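here is my input; please provide its structure:
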Amino acid sequence: MAGLLKISRRSLTLIRRYSTPLVYSDEVRTAKNDNKPIVALESTIITHGMPYPKNLETALEVENIIRKQGAVPATIAILKGQLTIGLTRTQLEYLAQAKDVIKASRRDLAMVVAGKQDGATTVAGTIISAELADIPVFVTGGIGMYFLMNI
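Residues are numbered from 1 along each chain as shown. Below is the predicted model:
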């Protein structure tokens, strides 16, 4: 992760300087104000990893597991060009059924934002977004599930 962020420091600086502000869910904004732990989550597993409705059920289950552990989940996606940190249930439901959502890796973030498109963040896209949002903890399902299946 450090190497990925080191390569992208200049990009992060430019994004911070020239992009529109991040959009935070009420839950994440409150957690940031109250200095509560926040866990960033990728959204590609919702749009490209599983079929509906299993994708939505899984996303909601993972968020609830994080809440039960005392942290606040922050699923990250780009919605109509807005880098959104923490999704509402309505936004999760939208992504779970949406078509033509771009799989947004690090290299795609600026294009999706500039094009005012919808994008689901990959591991790399989520790491960059979490860094922009000052969220130091990130969890992903895809890599972990792949790893567990190959033990």
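
check contacts around residue 109.
15, 78, 83, 119, 121, 125, 128, 129 (CB atoms under 8 Å, 6 or more residues apart in numbering). Glycine gets a C-beta too; all of them are placed from N, C-alpha and C.

tell me the pLDDT at it?
What the model reports as pLDDT for residue 109 is 93.

can you point out the buried residues in the strand or helix carrying it?
Following DSSP states H and E, the helix or strand that holds residue 109 is helix 109-114. For helix 109-114, the neighbour count (16 or more other CB atoms under 10 Å) marks 109, 112, 113 as buried.

which of those sits closest to residue 138?
Nearest to residue 138 out of the buried residues of helix 109-114 is residue 109 (CB to CB; 15.3 Å).

find the nearest non-adjacent residue to residue 28, please.
Closest residue in space to residue 28, ignoring its immediate chain neighbours: residue 86 at 3.4 Å, by CB to CB, 6 or more residues apart in numbering.

state the pLDDT value of that neighbour.
pLDDT for residue 86: 98.

quick check, it in contact with residue 74.
Yes - if you go by CB atoms under 8 Å, residue 86 and residue 74 touch, sitting 4.3 Å apart.

biggest helix in this structure by residues?
Counting residues, the longest helix found in the chain (DSSP state H) is helix 54-68.

partner strands of the first helix or strand past it going along the chain, with direction?
Downstream of helix 54-68, the next assigned helix or strand under DSSP H and E is strand 72-79. Take DSSP bridges as the rule and strand 72-79 pairs in its sheet with strand 38-41 (parallel), strand 82-85 (antiparallel), strand 119-121 (antiparallel).

I'd like the distance between residue 25 and residue 82.
Residue 25 sits 12 Å away from residue 82, going by CB to CB, to the nearest Å.

the nearest residue to residue 41 once chain neighbours are set aside: how many residues sit nearby?
Of all residues not flanking residue 41 in the chain, residue 75 sits nearest, at 4.4 Å (CB to CB, 6+ apart). For residue 75, the number of neighbouring residues by other CB atoms under 10 Å comes to 29.

OK, contacts around residue 75?
Per CB under 8 Å, 6+ apart, neighbours of residue 75: 41, 42, 43, 46, 59, 63, 86, 87, 92.
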